[in-house]
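> For reference, the sequence and a predicted model appear below.
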Amino acid sequence: MKEKIIIGSGLSGPLLALYLNQKDYKVTLFEKRSDLRKEKTSAGRSINLALSERGINALKEVNVYDEIKNELLPMKGRMIHDIDGKTQFQSYSINENDYINSVSRNKLNEILLNKVEESSNVKIYFNHSLDKIEKDLLFFKNNIKYNINNNIIFGTDGFNSKVRDHIDSKNENKTKIDYLGHSYKELNISSDKKNLFQLKENVLHIWPRNDFMLIALPNTDRSFTCTLFLSNKGKISFDSLKSNDDVKKFFKKYFHDIYYLLDDFPNSFFTNPTSNLGSIKTTKWNYENKFCILGDAAHAIVPFFGQGMNASFEDCSVLMYYCNKYEHDWDKIISTFCKKRLIDTNAISQMALDNYIEMRNSVSKNKYKKRKEISDRLYKTFPKLFIPKYNMVSFTSIPYNEVYKKSFLHNKILDELENNYSDSKALELINKYLL
């Protein structure tokens, strides 16, 4: 069988290598960075992610989940922090077994890389930064050339993918990056002197402030990674926070309940990087079925539905579904995968953008709370007929595009029930819109 070459050993790269290894393919994996297992995590870079059903399913399929599960911190809902300091808990689901999981990005990556190294058919080359692709050669920045030899190249090399650049060079419709006009900055809250959490664990904390927000996710060392999402320009923006005094006033006004918990603050605000938020929009994931992108390289999305990693992991699972279906006919596998998966990832990209408005604004509003209450009641009363959008995205493997379409119909039902609920009317509307 032909060799499979993977560019990028972030999260989806080694996962894909494990899937291919299960099929007895020879795999060569190139990574531009040094081995993260030998490096320290850089300050201000995300150390945790939200792992949910789609990602868990993929990890189970390559027999890695059992090694990951002890590193997971369940988050059963959102803890909303109002500006007056009051808090309110909003459960993600009426089902106790439905929750998302905070997990260390580095720890997850380490476990995947360790598993890859145990595989006899996979080789990893670190410090190999792909510069360009010409004819049948990969050119790396360390003056190394690698002959493709008609093998398939998978690009899992993230937001600034070189494999995507190569595919773009062969197509008229180029990739577009839709920047949100907002950026993010990460801060940290360490454990207290007794090595205990300083905020309630097992929840995702949100400080919604209409046009911006702060969130905090728990870590296994009992710290919290906090992320500020804020406009780049304007009266209240990253651009307006120039001095220590600016930052202190801003945080004391809007996040006073955790101001004194933040590590090395406000110095950390200036030393930790500010990173842009944007979505990758591309219509072509493959070229001659010889080059194929997946994960963030194909569909990087904003992080407001916690689905970036989960969607990327699901890419690998879906690709291997077609590998099984078409019995290693890679022309058919890749062309079908790219066509079908593009529709679903476009849907989650839009839902992630929509969820930013929900998280920073809607969650604290009475209208949102009322509609969520009705949605949960419908789910409890008609569990096989009505599953809330958040549940479908996070706790099932229902295709994203199907979820997206159903969410519009759900809103029609909620509109009619918002001020006049009855089970009989609810069932009538479910029959009308969903069946």
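On my side now, so go ahead. Numbers count the residues shown, from 1 in each chain.
> would you list every one of the helices in the stretch 51-200 of the chain?
Here the stretch 51-200 of the chain has its helices, by DSSP state H, counting those that start in this stretch, at 53-61, 65-68, 105-117, 162-169.
> Name the next helix or strand following the helix or strand that contains residue 315 along the chain.
Per DSSP states H and E, residue 315 falls inside helix 308-325. Using DSSP H and E, the helix or strand that directly follows helix 308-325 along the chain is helix 330-360.
> Which strands and helices lie in contact with the lengthiest strand in the chain?
For the chain, the longest strand by residue count, based on DSSP state E, is strand 176-189. Contact here means 3 or more Cβ pairs under 8 Å, 6 or more residues apart in numbering; DSSP states H and E; on that basis strand 176-189 packs against strand 224-231, helix 267-271, strand 274-281, helix 330-360. Where you see a C-beta, it was placed from the backbone N, CA and C, and this is true even at glycine.
> which of these sits most buried?
Highest mean neighbour count of those: strand 224-231, a mean of 22 (counted as mean count of other Cβ atoms under 10 Å).
> Give me the angle between it and strand 176-189.
Here the directions of strand 224-231 and strand 176-189 differ by 140 degrees (axes from the mean of the first three to the mean of the last three Cα atoms, to 10 degrees).
> Tell me the helices and strands packed up against strand 224-231.
Checking 3+ Cβ pairs under 8 Å, 6+ apart, strand 224-231 ends up next to strand 176-189, strand 213-218.
> Quick check: which of the ones you listed is nearest to residue 369?
With Cβ to Cβ as the measure, strand 213-218 is the member of the helices and strands packed on strand 224-231 nearest residue 369 (16.9 Å).
> Residue nearest the middle of the chain, spatially speaking?
Per Cα atoms, centre = their mean, the C-alpha nearest to the average position across the chain is that of residue 308, at 2.0 Å.
> who's in contact with residue 18?
Counting by Cβ atoms under 8 Å, 6 or more residues apart in numbering, residue 18 touches 62, 64, 112, 115, 116, 119, 122.
> Now the second one: phi and psi?
When you say that, I think you mean residue 64. Residue 64 has phi and psi values of phi -110, psi -20 when expressed as degrees, to the nearest 10.
> just checking, it touches residue 114?
No: using Cβ atoms under 8 Å, residue 64 is not in contact with residue 114, being 9.5 Å away.
> Give me the three-state assignment for residue 305.
Assigned by DSSP: H, G, I helix; E, B strand; the rest coil, the conformation of residue 305 is coil.
> I figured residue 82 hits residue 206, correct?
No: contact criterion Cβ under 8 Å: residue 82 and residue 206 do not qualify, at 10.4 Å.
> who's more crowded, those two?
More neighbours surround residue 206 than the other of residue 82 and residue 206, with 19 against 13 (other Cβ atoms under 10 Å).
> helices or strands next to the helix or strand in which the more buried one is found in the packing?
Following DSSP H and E, one finds residue 206 within strand 204-208. When contacts are defined as 3+ Cβ pairs under 8 Å, 6+ apart, strand 204-208 packs onto strand 77-81, strand 213-218, helix 330-360.
> List of residues touching stretch 131-146?
For stretch 131-146, the external contacting residues (Cβ under 8 Å, 6+ apart) are 5, 7, 28, 30, 32, 127-130, 147-150, 153, 162-163, 166, 291.
> What does the pLDDT read for the residue nearest to the centre of the chain?
Here, the pLDDT recorded for residue 308 equals 96.
> domain ranges for this structure?
For the chain, the structural domains run 4-73+103-177+279-355, 179-277, 365-433, going by automatic domain parsing.
> Can you check which of those gets nearest to residue 86?
Closest of the domains of the chain to residue 86 is domain 179-277, at 9.3 Å (criterion: Cβ to Cβ).
> The closest one spans what distance, first to last residue?
Domain 179-277 has an end-to-end distance of 6 Å (criterion: Cα to Cα, to the nearest Å).
> what does stretch 125-133 give?
End-to-end span of stretch 125-133 (Cα to Cα): 17 Å.
> How about it, which residues are buried there?
For stretch 125-133, burial by neighbour count (16 or more other Cβ atoms under 10 Å) applies to 126, 128, 130, 133.
> Excluding residues flanking it in the chain, which one is nearest the third one?
Sequence neighbours aside, residue 162 is the residue nearest to residue 130 in space, at 4.4 Å (criterion: Cβ to Cβ, 6 or more residues apart in numbering).
> Residue 318 too?
The shortest distance from residue 318 to any non-neighbouring residue, by Cβ to Cβ, 6+ apart, is to residue 341 (5.7 Å).
> what about the one you found, distance to residue 282?
Counting by Cβ to Cβ, to the nearest Å, the gap from residue 341 to residue 282 is 12 Å.
> what sits in contact with each of those two?
Listed as contacting both residue 341 and residue 282 by Cβ under 8 Å, 6+ apart are residue 298.
> and residue 387, how many neighbours?
Residue 387 has 22 neighbouring residues, counting by other Cβ under 10 Å.
> do the same with residue 180
For residue 180, the neighbour count with other Cβ under 10 Å is 17.
> Please apply the same query to residue 258.
Applying other Cβ under 10 Å, we find 21 residues neighbouring residue 258.
> again with residue 197
Neighbours of residue 197 using other Cβ under 10 Å come to 18.
> Spatially, what comes nearest to it if we skip its sequence neighbours?
In space, and not counting its chain neighbours, residue 197 is closest to residue 222: 4.9 Å by Cβ to Cβ, 6+ apart.
> mind checking how far that neighbour is from residue 263?
For residue 222, the distance to residue 263 (Cβ to Cβ) stands at 13 Å.
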